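Fold the following for me, if possible:
(chains A and B)
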Amino acid sequence: MKDPNKVIIQLEHISKTFRTSASLFKGDQKEVIALNDVSFKIFKGEIFGLVGESGSGKTTTGRLIVKLEEPDDGKLLLGGDDITKIKGKALKNFRRKVQMIFQDPYQSLNPYLSVYDSVSEPLVVHNVGNSETRKDMVRQSLNSVGLAPPDDFFYRYPHQMSGGQRQRIAIARAMVLKPEFVVADEPTSMLDASIAIHIFNILSEIQKKLNVTFLFITHSLAAARYLCDRIAVMYKGELVEIGSAENIIQNPSHPYTRALIDAHPRFRY
Amino acid sequence: MTENRSIQISNDNKRSPKKFPTVERFLEGWSVYKENLIGKIGLTLLIIFAVMAIASFFTPLIDPMYHPMTGVDPDISHSTSPSWRHWLGTDFIGRDILCQLLAGARIAFMVGISAAFMSIFLGTIIGMIAGYTGKVVDTLLMRLADMIMVMPTLLVVLILSSLFGQLNIWTIVLLIALFRWPGVSRVIRAQTLSLKERPFIEAAKVTGASHFRIIFRHIMPNVLPLSLLYMTFRVTSAIIIEAALAFLGFGDPSTVSWGMMLQWVWKTGHMFQAPYWLLPPGICISLLTLSFYMLGRAMEEVLDPRLRKEIAQE
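I've put the predicted structure just below:
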């Protein structure tokens, strides 16, 4: 399963700066450095956690990997192929292998598409199967996220479902193509704690079943420890620490990681 | 806890027969709409005019002299006031005014709805493309829209018809549509600009959807209610432009429209002699445009919950 010899995603010296557009009268441009010389590798079959506070660049990293943003500098590799500047057919091929689960399930589903239309969209876009086999694939995908019986959900619309159900629909949508790599950008930050655990379990089950590699972006070290094999900690656009989940939690070497651990609320007995 | 509750709700949904979301959404909107007095008045007026338009097909069947264009009362050769035979009187060659009025409703609906539909179609597509593509395409399309927007539609159509002689009614419809899309496209563009930053558009991008698919599958359903709202306002302006053209004598001479009727009144010098002839088409034009406007206002409230709240607070 976990194969430390096979690198699936590799970031090499990635940098990204956001600039406010300068206008003629309104003085100078402002620059925000989102990522500064970030490099790491994600191995096939693992759940890789990316932890940091808001503004640390973790979401930007995720968006770069799924190619919603372009890096200013550096190289991005998928299974050894350079994907920094792919376009057209190569990009579409890449989209088939890499999917994303978004933070807010209230925003990431089109309110005008039924569950079936939303989940089957990746199949339609990539021309996979015919109308019958697509139905089966959607059923499988909905089953795997615990929405059963799937046929009852086919003609529902996002506004008729709870947040947890919506997020599971979003996961089913990302999983329907059986991608190799999935970026999950804080998939539980908008949900109740009890549902969050449920979503974590679904993700780790899917991971075991389909052997997908996950990049799990979160602000909570606890969540990362619960789910991830390895953790990287980001701070102000830089990678400050990387290692196995146990190691990071037990012996944090960077002061920021220690601060993160201390910031976590604990029950006092 | 929440999950359990949601499962219960879902069971309730399951028990009821499969609802079609469009129908459901429509019923939901209707329940808001019917609370609105203006909307109810507008809709009632519209239904009356629609019945008039449909009735116009049947008048020639009763008696050939009730044909709005060619039917002349054999006994009358001048304008007469209302009688049992001609409820609203006759025009200068003995044609029944009521029949003309009914036929005018038909033309008004035809012109209004088809011109509005075409301009909405153009405006929505151009607005979506401009908003979604951005940059150069956006600038080009929006400057074109600005240019057309400042041209006075009536004047341009007048100049064109004096250049090319009498214009066919469909040419007039097309010209109105061509000059009336910019307003719609600006609104749709603004809506598209905010939509394209929404995560579900990014989700579609990550899925690998083409630009074409994103525009027509994801953005269009979200802007369509707004386009339909603007369609009701465009109907109003199209009817007014057509009436003005016809009154000025640039209408299609083979159709009987309300503007045309007014032109006949004026041309034959009956302005002050025959109020039974002058008033009905004038009142009809005002009422029909008003009813479409009221329909639009009420629909606006259905589509924009913020407007609804304001009214609730009052």
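
for chain B, what are the low-confidence residue spans?
Flagging of chain B using pLDDT under 70 yields the residue ranges B:1-22, B:304-314.

Run the chain-centre distance for stretch A:33-51.
On the basis of CA atoms, centre = their mean, to the nearest Å, stretch A:33-51 sits 11 Å off its chain's mean C-alpha point.

hey, where'd the helices end up in the chain?
All of this refers to chain A. Here chain A has its helices, by DSSP state H, at A:58-65, A:88-97, A:115-125, A:131-144, A:163-175, A:193-210, A:221-227, A:245-250, A:255-263.

wrong one, I was asking about chain B
B:2-15, B:21-33, B:37-55, B:59-62, B:97-133, B:135-150, B:153-164, B:169-195, B:199-207, B:211-213, B:220-247, B:258-267, B:275-303, B:305-313.

Run through who's touching the fourth one.
What that stands for is helix B:59-62. Helix B:59-62 is contacted by residues B:Y66, B:H67, B:P68, B:G71, B:D96, B:L98, B:C99, B:L102 when judged by CB atoms under 8 Å, 6 or more residues apart in numbering or on different chains. (C-beta placed from N, C-alpha, C; glycine too.)

Go through the residues you listed and name the one nearest chain A.
Taking CB to the nearest CB as the measure, chain A lies nearest B:L102 of these, at 39.8 Å.

show me the contacts for that closest one.
B:M52, B:A53, B:A55, B:S56, B:T59, B:P68.

Tell me who's in contact with the residue nearest to it when sequence neighbours are not counted.
Leaving aside its sequence neighbours, B:L102 sits nearest to B:S56 (CB to CB, 6 or more residues apart in numbering or on different chains; 3.7 Å). Listed by CB under 8 Å, 6+ apart, the contact set of B:S56 reads B:P68, B:C99, B:L102, B:A103, B:A105, B:R106.

ok, and the closest non-adjacent residue to the first one?
Just to be clear, that refers to B:P68. B:A103 (3.7 Å).

Then the last one?
What sits nearest to B:R106 in space, not counting adjacent residues and going by CB to CB, 6+ apart, is B:A53, at 4.2 Å.

The one you found contacts B:F109, doesn't it?
Yes. Using CB atoms under 8 Å, B:A53 is in contact with B:F109, at 5.2 Å.

Any regions of chain A where pLDDT drops low?
For chain A, the stretches with pLDDT under 70 are A:1-4, A:21-28, A:264-269.

any chance of the contacts of helix B:59-62 in TSV, plus distance to A:N211?
Output for the contacts of helix B:59-62, formatted as TSV (distance: CB to CB, whole Å):
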residue	distance to A:N211
B:Y66	80
B:H67	78
B:P68	76
B:G71	81
B:D96	82
B:L98	79
B:C99	78
B:L102	73
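
circling back to that earlier point, any idea how many residues pack against the residue nearest to B:R106?
19 (other CB atoms under 10 Å in any protein chain shown).

go on, the one 10 residues further on?
When counting by other CB under 10 Å, one arrives at 13 neighbours for B:D63.

so who does it touch?
Neighbours of B:D63 in contact, by CB under 8 Å, 6+ apart: B:G71.

go again using 10 Å as the cut-off
Applying CB atoms under 10 Å, 6 or more residues apart in numbering or on different chains to B:D63 gives the contacts B:G71, B:D73, B:R85, B:D96, B:C99.

how far away is the first one from B:M65?
In other words, B:G71. Separation of B:G71 from B:M65 (CB to CB, to the nearest Å) stands at 4 Å.

and for those two, which residues touch both?
Joint contacts of B:G71 and B:M65 (CB under 10 Å, 6+ apart) are B:T59, B:G94, B:R95, B:D96, B:C99.

Not counting its neighbours along the chain, what's nearest B:P225?
B:L303 (5.1 Å).

okay, now B:I215: neighbour count?
Quick note: B:I215 (other CB under 10 Å) scores 21 neighbours.

Wait, it touches B:I129, no?
Yes. Taking CB atoms under 10 Å as the definition, B:I215 is a contact partner of B:I129 at 7.0 Å.

so what sits against both of the two?
With CB under 10 Å, 6+ apart, B:I215 and B:I129 have common neighbours B:T192.

roughly how far is stretch A:63-71 from the heart of the chain?
The answer for stretch A:63-71 is 12 Å, by CA atoms, centre = their mean.

wait, does that stretch contact chain B?
Yes. Counting by CB under 10 Å from any CB of the partner chain, contacts between stretch A:63-71 and chain B involve A:R63, A:V66, A:K67, A:L68.

Report the contact partners of B:L279.
B:L88, B:V265.

I'd like to know how far it sits from chain A.
Going from B:L279 to chain A by CB to the nearest CB, to the nearest Å gives 47 Å.

Since that was my last question, I'll sign off now.
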